[in-house]
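Participant: quick one: sequence and predicted model below, then my questions.
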Amino acid sequence: MKLRSMAYSRSGDKGDISNICVFPHDDRDFEWLREVLTAELVAKTFGDLVAGDVTRYEIPVNCCLNFVLTRALAGGVSKSLRVDPHGKSYQSLILDIDLPERGEQS
(Lines give C-alpha, C1' and ligand atoms only; values in the text may rest on other atoms or scores of the structure.)
Protein backbone atom coordinates (compact mmCIF):
# COMPACT_ATOMS: atom_id res chain seq x y z
CA MET A 1 0.00 0.00 0.00
CA LYS A 2 1.31 3.47 -0.84
CA LEU A 3 1.62 5.97 2.00
CA ARG A 4 -0.54 8.40 -0.03
CA SER A 5 -3.53 6.10 0.46
CA MET A 6 -3.55 6.86 4.19
CA ALA A 7 -1.72 10.16 4.65
CA TYR A 8 -0.97 13.58 3.26
CA SER A 9 2.18 15.67 3.60
CA ARG A 10 3.56 19.20 3.62
CA SER A 11 7.12 20.27 2.93
CA GLY A 12 9.29 23.29 3.44
CA ASP A 13 12.90 24.33 3.25
CA LYS A 14 15.52 26.39 5.02
CA GLY A 15 18.82 26.62 3.24
CA ASP A 16 19.98 23.11 2.38
CA ILE A 17 17.49 21.44 4.75
CA SER A 18 14.18 19.94 3.68
CA ASN A 19 11.40 19.48 6.21
CA ILE A 20 8.54 17.07 5.44
CA CYS A 21 5.60 16.46 7.74
CA VAL A 22 3.30 13.45 7.27
CA PHE A 23 -0.24 13.45 8.65
CA PRO A 24 -2.52 10.38 8.55
CA HIS A 25 -5.99 11.03 7.14
CA ASP A 26 -7.35 9.17 10.16
CA ASP A 27 -5.69 9.90 13.53
CA ARG A 28 -6.21 6.25 14.50
CA ASP A 29 -3.51 5.31 11.96
CA PHE A 30 -0.84 7.43 13.69
CA GLU A 31 0.45 4.68 15.99
CA TRP A 32 0.86 2.25 13.10
CA LEU A 33 2.65 4.90 11.00
CA ARG A 34 5.02 5.50 13.93
CA GLU A 35 6.02 1.85 13.69
CA VAL A 36 6.52 1.56 9.93
CA LEU A 37 7.50 5.00 8.64
CA THR A 38 11.04 5.19 9.97
CA ALA A 39 13.85 7.64 9.28
CA GLU A 40 15.76 4.74 7.71
CA LEU A 41 12.94 3.99 5.28
CA VAL A 42 12.70 7.65 4.28
CA ALA A 43 16.49 7.86 3.83
CA LYS A 44 16.44 4.76 1.63
CA THR A 45 13.58 6.19 -0.45
CA PHE A 46 15.33 9.52 -1.05
CA GLY A 47 18.70 7.88 -1.72
CA ASP A 48 21.26 10.19 -3.31
CA LEU A 49 18.93 13.19 -3.13
CA VAL A 50 19.94 13.51 0.52
CA ALA A 51 23.66 13.80 1.29
CA GLY A 52 23.15 14.26 5.05
CA ASP A 53 21.07 12.74 7.79
CA VAL A 54 17.35 12.04 7.97
CA THR A 55 15.92 12.66 11.43
CA ARG A 56 12.35 11.90 12.46
CA TYR A 57 10.45 13.86 15.08
CA GLU A 58 7.13 12.67 16.45
CA ILE A 59 4.41 15.20 17.21
CA PRO A 60 1.69 13.08 18.87
CA VAL A 61 -0.54 16.02 19.80
CA ASN A 62 -0.98 16.71 16.07
CA CYS A 63 -0.71 13.04 15.01
CA CYS A 64 2.16 13.74 12.64
CA LEU A 65 5.71 12.68 11.88
CA ASN A 66 8.20 15.36 10.88
CA PHE A 67 11.26 14.39 8.85
CA VAL A 68 14.26 16.72 8.61
CA LEU A 69 16.59 15.96 5.70
CA THR A 70 19.97 17.70 5.88
CA ARG A 71 22.08 18.49 2.83
CA ALA A 72 19.02 17.64 0.76
CA LEU A 73 18.61 20.61 -1.60
CA ALA A 74 21.99 20.84 -3.37
CA GLY A 75 22.90 23.96 -1.41
CA GLY A 76 19.48 25.55 -1.20
CA VAL A 77 17.45 27.94 -3.33
CA SER A 78 20.15 30.50 -4.08
CA LYS A 79 22.85 27.90 -4.84
CA SER A 80 21.04 24.96 -6.41
CA LEU A 81 20.67 24.33 -10.12
CA ARG A 82 17.95 21.76 -9.48
CA VAL A 83 14.56 22.21 -11.11
CA ASP A 84 12.95 22.12 -7.64
CA PRO A 85 15.37 24.00 -5.34
CA HIS A 86 12.73 24.31 -2.58
CA GLY A 87 12.17 20.54 -2.50
CA LYS A 88 8.39 20.91 -2.78
CA SER A 89 8.22 17.70 -4.81
CA TYR A 90 9.63 15.85 -1.80
CA GLN A 91 6.17 15.80 -0.25
CA SER A 92 5.01 13.74 -3.23
CA LEU A 93 8.06 11.47 -3.16
CA ILE A 94 7.52 10.53 0.49
CA LEU A 95 3.89 9.65 -0.25
CA ASP A 96 5.08 7.16 -2.88
CA ILE A 97 6.65 4.96 -0.19
CA ASP A 98 5.33 1.40 -0.16
CA LEU A 99 4.18 0.42 3.32
CA PRO A 100 3.88 -3.16 4.52
CA GLU A 101 0.40 -4.51 5.10
CA ARG A 102 -0.67 -4.31 8.72
CA GLY A 103 0.69 -7.25 10.65
CA GLU A 104 3.70 -7.72 8.31
CA GLN A 105 7.20 -7.09 9.56
CA SER A 106 8.61 -3.80 8.24
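Facilitator: Thanks, I have the structure now. Worth saying up front: this structure is predicted, and the values here are computed from it rather than measured.

Participant: going forward, measure contacts between C-alpha atoms and count neighbours the same way
Facilitator: Will do.

Participant: give the buried residues for stretch 56-70.
Facilitator: 56, 63-70 (16 or more other CA atoms under 10 Å).

Participant: give me the distance from that stretch to the chain's centre.
Facilitator: Mean C-alpha position of stretch 56-70 versus that of the full chain (CA atoms, centre = their mean, to the nearest Å) differs by 9 Å.

Participant: output the contacting helices and strands for the helix or strand where residue 57 lies.
Facilitator: Element membership for residue 57 (DSSP states H and E) is strand 54-59. Under the contact definition 3 or more CA pairs under 8 Å, 6 or more residues apart in numbering; DSSP states H and E, strand 54-59 sits against helix 39-46, strand 64-69.

Participant: what does the helix or strand following the shortest one rub up against?
Facilitator: In this case it means strand 64-69. Heading C-terminal from strand 64-69, the first helix or strand you meet, by DSSP H and E, is helix 90-95. Helix 90-95 is contacted from outside by 2-4, 7-11, 20, 42, 45-46, using CA atoms under 8 Å, 6 or more residues apart in numbering.

Participant: list buried residues within those residues.
Facilitator: 3-4, 7-9, 11, 20, 42, 45-46.

Participant: now, which of those residues sits nearest residue 97?
Facilitator: Nearest to residue 97, judged by CA to CA, of the buried ones among the contacts of helix 90-95 is residue 3 at 5.6 Å.

Participant: if we can go back for a sec, now, the contacts of helix 90-95 that are in helices?
Facilitator: 42, 45-46 (DSSP state H).

Participant: quick revisit: can I get the buried residues of stretch 56-70 in a markdown table with distance to residue 98?
Facilitator: Output for those, formatted as a markdown table (distance: CA to CA, whole Å):
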| residue | distance to residue 98 |
| --- | --- |
| 56 | 18 |
| 63 | 20 |
| 64 | 18 |
| 65 | 16 |
| 66 | 18 |
| 67 | 17 |
| 68 | 20 |
| 69 | 19 |
| 70 | 23 |
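
Participant: which pair in those spans the largest distance?
Facilitator: Farthest apart among the buried residues of stretch 56-70 - using CA to CA - are 63 and 70, which lie 23.1 Å from each other.

Participant: just the closest of the contacts of helix 90-95 to residue 27, please.
Facilitator: For those, the nearest to residue 27 is residue 7 (9.7 Å; CA to CA).
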